[in-house]
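Undergrad: Prediction below, plus the sequence it came from.
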There are 2 protein chains.
Amino acid sequence: MENALRMVLLLDFYGPLLTDRQQEVFQMYFHDDLSLGEIGEELGVSRQAIYDIVRRTGLILEEFDSKLGLIERHRERQLLYGELLALIELCRQDGASSPHLIAMEEKILKARSTS
Amino acid sequence: MENALRMVLLLDFYGPLLTDRQQEVFQMYFHDDLSLGEIGEELGVSRQAIYDIVRRTGLILEEFDSKLGLIERHRERQLLYGELLALIELCRQDGASSPHLIAMEEKILKARSTS
């Protein structure tokens, strides 16, 4: 399951670099949790052909990430946003009060959810 | 020159997806500002061959960016960091004072310079 989560994340970041067929199969297998046999039936090809696409697409995605490192950069940004939100809370505990603190919080929450 | 800046930025984001030769030629032309003839001489190939590599590599990079949009996402983050820094300044003008504001500022400045 941990692997499936990583694969879905890789697909999010690098999916547009794949062919339509690779995206489709990968999505069905890791995101929609269909079996190799079910996907093969759906697309009219053998279970083995689907297995080959899934395996090869995983390798391609990992190679993209080893070159561009977008997942790690994403993780670092999420960490930063979390730290900034915690610091805003600490500012409040210090008695600092400003509508601008609220504006910051909103901007960071938005960035965190769309990043 | 505006085009050269864009090309250098594209190379920053997607360079690792290129071949070594594409990276090398693109770097020499757009970053080091050598002429096609100079690069050709340096690498022992014709000016025309260098022109072809530069042109083709530019198209490849633009295609990567049309798919992944990293330049636009980078621009949006830089904008966010600038807005957050401005809001911290406004908090200060409101009389809010906390060491945590300074910590936030430092984290944002660091993220802005390494993003």
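TA: Yep, that arrived.
Undergrad: Send me stretch A:6-15 as PDB with only the CA atoms.
TA: The C-alpha atoms that make up stretch A:6-15 are tabulated as PDB, following Å, rounded to 0.1, in the frame of the first residue of the first chain:
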ATOM      1  CA  ARG A   6       4.000   6.500  -3.900                       C
ATOM      2  CA  MET A   7       2.900   5.400  -7.400                       C
ATOM      3  CA  VAL A   8      -0.200   7.600  -7.200                       C
ATOM      4  CA  LEU A   9       2.000  10.600  -6.200                       C
ATOM      5  CA  LEU A  10       4.500   9.900  -9.000                       C
ATOM      6  CA  LEU A  11       1.500   9.800 -11.400                       C
ATOM      7  CA  ASP A  12       0.300  13.100 -10.100                       C
ATOM      8  CA  PHE A  13       3.700  14.800 -10.700                       C
ATOM      9  CA  TYR A  14       4.800  13.100 -13.900                       C
ATOM     10  CA  GLY A  15       1.700  11.700 -15.500                       C
END
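Undergrad: Can you tell me what sits against it?
TA: Contacts to stretch A:6-15, defined as Cβ atoms under 8 Å, 6 or more residues apart in numbering or on different chains, come from residues A:18, A:23, A:26-27, A:30-31, A:58, A:61-62, A:64-65, A:68, A:70-71, A:74, B:68. C-beta coordinates here come from the backbone N, C-alpha and C atoms, glycine included.
Undergrad: Drop anything exposed from those residues.
TA: Buried members of these, counted by 16 or more other Cβ atoms under 10 Å in any protein chain shown: A:18, A:23, A:26-27, A:30, A:58, A:61, A:64-65, A:68, A:70-71, B:68.
Undergrad: ok, back up a step: and which of the contacts of stretch A:6-15 is nearest B:L87?
TA: In terms of Cβ to Cβ, no member of the contacts of stretch A:6-15 lies closer to B:L87 than A:H74, at 23.6 Å.
Undergrad: Which ones among the buried ones among the contacts of stretch A:6-15 lie within helices?
TA: A:Q23, A:F26, A:G58, A:L61, A:F64, A:D65, A:L68, A:L70, A:I71, B:L68 (DSSP state H).
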